[in-house]
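Novice: Sequence and predicted structure are below.
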Amino acid sequence: MSGGTRRLIGGLVASIAGAVLLLAAGLDASPEGHGTHTQLGLPACNWVSLMNRPCPTCGMTTSFTHAADGSLASAAAAQPAGTLLAIITAALAWGGVHTLVSGVALGPLLGGLLRARVIWVALGLLLTAWVYKIATWGV
């Protein structure tokens, strides 16, 4: 891949990740720890509406909103997996800027993360965060 293509991809990654974080920073975190996504014009979660229980991604937008505002403790309280994803999103933004400016490829580093073990650990963390969300629901 040429340096120009690498820089373009870095700029795209930085732009997309940065836009997600800027969007989250512009929202007001729901005090209930979930439901912040409705400020984006999205409907309320059917899972919550029908069963009064959190879905596996419940609180992700709220967590991103807290994290984008720099409150990682509040982000983790809302949704631990969301906090980790917000940190990864910020790292992708910085990595994209680094590639845009320097032309250095980050693909080999990121490609190493797409291994079965890492994916299983990520799914385990998501499941654990969902159990946490269920345990703290309505508290």
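Specialist: Good, I have the coordinates.
Novice: Show me what secondary structure element comes after the least confident helix or strand in the chain by mean pLDDT.
Specialist: Sorting the helices and strands of the chain by mean pLDDT, DSSP states H and E puts helix 107-111 at the bottom, at a mean of 70. Sequence order places helix 116-135 as the next helix or strand after helix 107-111, per DSSP states H and E.
Novice: name the helices or strands packed onto that following helix?
Specialist: Using 3 or more CB pairs under 8 Å, 6 or more residues apart in numbering; DSSP states H and E as the contact criterion, the elements in contact with helix 116-135 are helix 80-102. Where you see a C-beta, it was placed from the backbone N, CA and C, and this is true even at glycine.
Novice: buried residues in the helix it packs on?
Specialist: In terms of neighbour count (16 or more other CB atoms under 10 Å), helix 80-102 has its buried residues at 80-86, 89-90, 92-93, 95-97, 99-100.
Novice: between it and helix 116-135, how many degrees?
Specialist: Relative orientation of helix 80-102 versus helix 116-135 (axes from the mean of the first three to the mean of the last three CA atoms, to 10 degrees): 140 degrees.
Novice: List the buried residues for the strand or helix carrying residue 7?
Specialist: Using DSSP H and E, the element containing residue 7 is helix 3-25. The neighbour-count check on helix 3-25 (16+ other CB under 10 Å) flags 6, 7, 9, 10, 13, 14, 17, 18, 20, 21, 24 as buried.
Novice: got a list of contacts for that helix?
Specialist: 40, 61, 64-65, 67-69, 86, 89-90, 92-101, 103-106 (CB atoms under 8 Å, 6 or more residues apart in numbering).
Novice: just to revisit the earlier point, what's the closest of the buried residues of helix 80-102 to residue 123?
Specialist: Using CB to CB, residue 81 comes nearest to residue 123 of those, at 10.1 Å.
Novice: The closest one contacts residue 129, correct?
Specialist: Yes - counting by CB atoms under 8 Å, residue 81 does reach residue 129; the two are 3.6 Å apart.
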